[in-house]
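Student: Prediction below, plus the sequence it came from.
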Amino acid sequence: MGDKNGTFELNENTGECSWGRIGCDDKGHVQHIKFVNCDLSGSIPMEILALKKLNYLDLSRNNLTGEIPEKFHYLTKMQYLFMDNNNLEGVMPASLCDMRKEGTLLQLTSDCDRDDKKVHCTCCTNCVNILSGLGPADNPSTHSDGETSSSNNHLDIALSSRQKGLMQKLRNVSGDVAIDDSKSPQHKAHHWMIKVDSMELAANAANLYQRYVLVILWNMMETVDKKKCFSINPGLHECDWYPQARGVEKGSRRPRLSCDSEMRIQTLHLNGCKLKGKIPDELRFLSDLISINFNYNSLEGPIPSRLKKLHNLKFLYLDNNNLKGAVPEEICNMKFQDSLVELRTDCTEAKKDVTCSCCINCAENITDINKPDDLSDRQKGLMQKLRNISGDVAIDDSKSPQHKAHHWMIKVDSMELAANAANLYQRYVLVILWNMMETVDKKKCFSINPGLHECDWYPQARGVEKGSRRPRLSCDSEMRIQTLHLNGCKLKGKIPDELRFLSDLISINFNYNSLEGPIPSRLKKLHNLKFLYLDNNNLKGAVPEEICNMKFQDSLVELRTDCTEAKKDVTCSCCINCAENITDINKPDDLSDRQKGLMQKLRNISGDVAIDDS
């Protein structure tokens, strides 16, 4: 530093936070450095990377030389970085431009606006026309601390504070590249929101994102008569841009646009609206979306992985477009975890532009997850083990809970279990049961988590739930599942045969669900089972003799099914809630002489009172 300007002075007797031109937080971490016009010379020192909390650095109007450090992106807290009016050269590091696109780095300046253009930068705030025609491009810029610089950041001084805040917010959402491309729908939507929209939204308006996204989509439509899809209107709330958008369109189950009672967009059905270009990444901000139908358009490019942020999305139709590449794994995970119910893309034999392992219209590809290509030896061994447990029929049925659990265990699970892992069976069975639950809020029963042991998928699963004698899921000290109480969890389908592998189970409560089919005889393999509750379901047939034998041998203490007079879907001679059947063994009808003699002998031994007490 040449000229210290009398405002910066090293002092060995005081902390650096008091040396001037420096700001620190309450813990003494340097956050703010303002060395404007301090006659700095030489290259930018790499040691600056040690200031991990730095969020503001102004090195403008000095004599710095060399290139801008590639590793500047290590300063993850950085929001303002000013380096204009120096002698720096080269290309702005892509990592810094990425920070700009992501909205973490709010302002970035360099000598990319000079005639000699010593620095090439596509993301600097002083070298791109921020408003691209919204205002004059020759006004002096102002750094965020209020100091005026000779460089231009092209802010329109005629804009209000609201418009400037809105301008910055939309840049953070879409990135400079899209906003500065005068032909992009983001550029046009950005202009409309700032200069045309009569609603005059603030940057923190609750409906800002959805309004902006709709204007982007409207600018993507090639059709002249866009109103057949929807019409943007600066004087109306966006939920009124389509007839009956606040409810269901008359005569149609799927309106182009619909909102809930709180004016949040839930459906976007722009099929056949001549949308052209890439699927806008900004869609990720419409967190209340339930259904997107963009089929029969001219969309191109890849499917954005950021759609994974639409946690409420149930239906996604993208077929009959010009999209290319693979459906991102994050989106297929939504499908396999049942948050996304239906997904369609151009992955059929007739038009195989997209590869997809989870699309409902591409059944031929669904089994790709079961092919050993690109799988590790561990995954191959695990794949074969799970096939041996459940069988090919269940695994290859894309709608089965076994298929979804199989995919999750191989492709999603962070625990990366080997085929011989001690807890493999119980983890797999729990994922099957999770995929059998119809309820949206599955976490009320338990939540699968790829980063946790399955005994931690339910609070207090390693012991007894606080205030309850029967937790949903509990394990012993060796992390073996002992209770499964999923009563009222909206389980649908057949009782999974795979339960037989949970040999340490003591109690199963599956009552008050929608289970159907017969009761599996293989449950006899659960030698430690004491309690089995299956009543209030849609199960049919007779309780297998092998299970009743468990009851009569006193290994199974309690068994309940729908065998009562009120709901006699199941026949059972050993269920505690079907006493009318239990006493039948004491009636002489249809008994042999041997059985009648034995019956009398046992009555003589124990007495009628004990024998008749079911």
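Tutor: Everything's here; your move.
Student: State the distance from the residue lying closest to Cys578 once chain neighbours are set aside to Gly607.
Tutor: Nearest in space to Cys578, with sequence neighbours left out and distances taken as C-beta to C-beta, 6 or more residues apart in numbering, is Cys563 at 3.8 Å. In short, each C-beta sits where N, CA and C put it, glycine included. According to C-beta to C-beta, to the nearest Å, Cys563 and Gly607 sit 27 Å apart.
Student: quick one, which of the two is more surrounded?
Tutor: Using other C-beta atoms under 10 Å as the criterion, Cys563 and Gly607 rank with Cys563 on top: 25 against 10.
Student: unless I'm mixing things up, the more buried one is touching Cys572, no?
Tutor: Yes. Contact criterion C-beta atoms under 8 Å: Cys563 and Cys572 qualify, at 4.0 Å.
Student: Give me the below-cutoff pLDDT ranges for the stretch 501-614 of the chain.
Tutor: Across the stretch 501-614 of the chain, the ranges flagged by pLDDT under 70 are 579-590.
Student: Spell out the residue ranges of the strands in it.
Tutor: Here the stretch 501-614 of the chain has its strands, by DSSP state E, counting those that start in this stretch, at 507-509, 514-517, 531-533, 538-539, 541-542, 558-560, 570-571.
Student: In this structure Lys540 contacts Val570, no?
Tutor: Yes. Using C-beta under 8 Å, Lys540 makes contact with Val570 at a distance of 6.8 Å.
Student: Now for the residue nearest to Asp397 when sequence neighbours are not counted: which residues touch it?
Tutor: Leaving aside its sequence neighbours, Asp397 sits nearest to His403 (C-beta to C-beta, 6+ apart; 5.6 Å). With contact set as C-beta atoms under 8 Å, 6 or more residues apart in numbering, His403 has these partners: Ile366, Ala394, Ile395, Asp396, Asp397.
Student: Out of those residues, the closest to Met199 would be?
Tutor: Ile366 (45.0 Å; C-beta to C-beta).
Student: could you pull out the helices for the stretch 101-250 of the chain?
Tutor: Listed in chain order, the helices of the stretch 101-250 of the chain (DSSP state H, counting those that start in this stretch) span 161-174, 176-180, 185-191, 208-220.
Student: hang on, the earlier thing: any chance of the strands of the stretch 501-614 of the chain in a markdown table, with distance to Gln31 and mean neighbour count too?
Tutor: Shown next, in a markdown table, are the strands of the stretch 501-614 of the chain (distance: least, C-beta to C-beta, whole Å; neighbours: other C-beta atoms under 10 Å):
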| stretch | distance to Gln31 | mean neighbour count |
| --- | --- | --- |
| strand 507-509 | 56 | 20 |
| strand 514-517 | 57 | 16 |
| strand 531-533 | 60 | 21 |
| strand 538-539 | 63 | 18 |
| strand 541-542 | 71 | 14 |
| strand 558-560 | 65 | 19 |
| strand 570-571 | 69 | 18 |
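Student: closest one to Ser161 among those?
Tutor: Ranking the strands of the stretch 501-614 of the chain by proximity to Ser161 (C-beta to C-beta) places strand 514-517 first, at 56.7 Å.
Student: From the chain's centroid, how far away is that closest one?
Tutor: Computed by C-alpha atoms, centre = their mean, to the nearest Å, the chain-centroid distance of strand 514-517 equals 30 Å.
Student: What strands line up against that strand, and which way round?
Tutor: strand 492-494 (parallel), strand 538-539 (parallel) (DSSP bridges).
Student: mind showing which ranges of the stretch 351-500 of the chain have poor pLDDT?
Tutor: Residues of the stretch 351-500 of the chain that meet the criterion pLDDT under 70 lie in 363-374, 439-441, 459-470.
Student: Phi and psi next, for the residue nearest to Asp281 when sequence neighbours are not counted.
Tutor: Excluding the flanking residues, the one nearest Asp281 by C-beta to C-beta, 6+ apart is Pro304, at 5.1 Å. Torsion angles at Pro304 (phi, psi; degrees, to the nearest 10) stand at phi -70, psi 130.
Student: just checking, Pro304 touches Leu283?
Tutor: Yes. Taking contacts as C-beta under 8 Å, Pro304 lies within contact range of Leu283: 7.4 Å.
Student: which one of these two has more residues nearby?
Tutor: With neighbours defined as other C-beta under 10 Å, Pro304 and Leu283 compare such that Leu283 has more, 22 against 18.
Student: Next up, the contacts around the residue nearest to Asp281.
Tutor: Lys278, Ile279, Asp281, Leu283, Arg284, Pro328.
Student: Strands - which of those land there?
Tutor: Lys278 (DSSP state E).
Student: Out of the contacts of Pro304, the closest to Arg171 would be?
Tutor: Asp281 (13.7 Å).
Student: Now for that closest one, how many residues are close by?
Tutor: By other C-beta under 10 Å, neighbour count at Asp281 equals 18.
Student: now that we're looking at it, how far away is Leu268 from it?
Tutor: Between Asp281 and Leu268 the distance is 15 Å, computed by C-beta to C-beta.
Student: Take the strands paired with strand 514-517 and write them to TSV, including distance to Asp612.
Tutor: Output for those, formatted as TSV (distance: least, C-beta to C-beta, whole Å):
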stretch	distance to Asp612
strand 492-494	36
strand 538-539	28
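Student: which stretch among the ones you listed comes nearest Lys442?
Tutor: Each of the strands paired with strand 514-517 has some distance to Lys442 by C-beta to C-beta; the shortest is strand 492-494, at 12.5 Å.
Student: Residues touching the closest one, excluding its own?
Tutor: Pro401, Met436, Met437, Glu438, Asn513, Ser514, Leu515, Glu516, Gly517, Pro518, Pro520.
Student: The stretch 251-400 of the chain: helices as residue ranges?
Tutor: Remark: helices assigned in the stretch 251-400 of the chain by DSSP H, counting those that start in this stretch are 329-336, 363-366, 377-390, 392-396.
Student: which stretch among these comes nearest Leu484?
Tutor: Judged by C-beta to C-beta, the one of those that comes nearest to Leu484 is helix 377-390, at 17.3 Å.
Student: Who are the packing partners of that closest one?
Tutor: In this structure, helix 377-390 makes packing contacts with helix 401-407, helix 424-436, judged by 3 or more C-beta pairs under 8 Å, 6 or more residues apart in numbering; DSSP states H and E.
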